[in-house]
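Trainee: below is the sequence, then the predicted model.
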Amino acid sequence: MNIENMKLAISTVAASVFFLFSQHSTASAQTMDSGGVTRIAVEGIFPPFNYLDSNKQLQGFDVDIAKALCEAANLTCEFVVQEWDGMIPNLIAKRYDAIISSMSMSAERREKVAFTQRYYDSPSVFIVPKGADLKEVTPESIKDLKLGVTLSTSQASYASEFYRSIDTVVFAESPKLYEALASGAVDIIMEDKLAIYDWISNTKAGTCCKFVGDDIKDPTYFGDGAGIAVRLDDEALRKTFDLALNKIKEDGTYDMINAKYFPFSIQ
């Protein structure tokens, strides 16, 4: 996967690609108001979970899971590409009906949206250049380093609380965060482990760097894994996705999608 191909100016809400299935009878009133189409928001710049290929078509784990869920639930679905910072505000504003874009179920987000059960789990981790002489990451051990995080992410919130004394640079999107680490613009970054696994394992730029320290799991900031977000009052759609998740896990569809992207289970 070429991270350079992910550089794309994305409008606040722009339809990128859609796929059609027949409509499920339990779809919410909000979904019905949009002509029977369930609109799903995806960021599109977070490989291998969601990204735009060279033909500007959405690909990735989140996208394949979304397609499988819509088929399992008999829903007519359409993807909407959405910048991360506006994800929840535009869901609440009814510009789409659900977010399937690796959104961690943090306590702060649960106050604004409702989540399904977890559809995958991943710890956060620190990443440094391979030549860095660093064994653990504490505020003291990185006091002279420049830390990078991505805007409006759980990692950014965590760093602002526990590493507030560290010189921190906030990047608009993950590809720019990775580029900054590879170029030396920052000394260390904090990211979702599965998201950056692809960059480290499958790109030339990613060979520069390595994981350092222990995996970070804090339910307050990272929640119980990634879930599908819907509006707080959209209980029917939340239940529909939960049932569909159970179905694709039971019939082996989930495992097939998992194996396409990772050599290990991420459930």
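Mentor: Yes, it's here.
Trainee: what's stretch 178-187 in contact with?
Mentor: 3, 127-129, 132, 142, 145-148, 169, 171, 177, 188-189, 196, 199, 205-206, 208-209 (CB atoms under 8 Å, 6 or more residues apart in numbering). For glycine as for every other residue, the C-beta is placed from the backbone atoms N, C-alpha and C.
Trainee: and if you look at stretch 246-257?
Mentor: 61, 64-65, 68-69, 72, 245, 265, 267.
Trainee: do you know how far Val162 is from Pro139?
Mentor: That one is not Val; residue 162 is Phe. 7 Å (CB to CB, to the nearest Å).
Trainee: so for these two, which sits in the more crowded spot?
Mentor: Using other CB atoms under 10 Å, the more surrounded residue of Phe162 and Pro139 is Phe162, with 14 against 11.
Trainee: can you pull the contacts of the more buried one?
Mentor: Pro139.
Trainee: wait, isn't Asp218 in contact with Tyr158?
Mentor: Yes: Asp218 lies in contact with Tyr158 (CB atoms under 8 Å); the separation is 6.6 Å.
Trainee: measure how far stretch 244-257 is from the centre of its chain, please.
Mentor: 19 Å (CA atoms, centre = their mean, to the nearest Å).
Trainee: can you check stretch 66-73 too?
Mentor: In terms of CA atoms, centre = their mean, the centre of stretch 66-73 is found 18 Å from the chain centre.
Trainee: buried ones in that stretch?
Mentor: 66-73 (16 or more other CB atoms under 10 Å).
Trainee: then stretch 252-267?
Mentor: For stretch 252-267, by 16+ other CB under 10 Å, it's 253-254, 257-258, 261-262, 266.
Trainee: quick one: name whatever helix or strand follows the strand or helix carrying Lys247.
Mentor: In the assignment (DSSP states H and E), Lys247 maps to helix 235-250. Toward the C-terminus, helix 235-250 is succeeded by helix 253-261 as the next helix or strand (DSSP H and E).
Trainee: got the angle between that next one and helix 235-250?
Mentor: 70 degrees (axes from the mean of the first three to the mean of the last three CA atoms, to 10 degrees).
Trainee: not counting residues beside it along the chain, what's closest to Ala73?
Mentor: Ala244 (4.0 Å; CB to CB, 6 or more residues apart in numbering).
Trainee: for this structure, give me the ranges with low pLDDT.
Mentor: 1-35 (pLDDT under 70).
Trainee: quickly note the distance from the most centrally placed residue in the chain to Ile65.
Mentor: Compute the mean C-alpha point of the chain, and by CA atoms, centre = their mean the closest residue is Ser102, 2.6 Å away. Ser102 is 10 Å from Ile65, where distance means CB to CB.
Trainee: for Thr38, same thing?
Mentor: 14 Å.
Trainee: need the next SSE after the helix or strand containing Glu108, C-terminal direction.
Mentor: Here Glu108, judged by DSSP H and E, is contained in helix 107-110. Going down the chain from helix 107-110, the next helix or strand is strand 113-120, by DSSP H and E.
Trainee: and Val230, which of the three is it?
Mentor: At Val230 the chain is in strand, as set by DSSP: H, G, I helix; E, B strand; the rest coil.
Trainee: in contact with it, which residues?
Mentor: So Val230 contacts 28, 91, 97-99, 113-116, 237-238, 241 (CB under 8 Å, 6+ apart).
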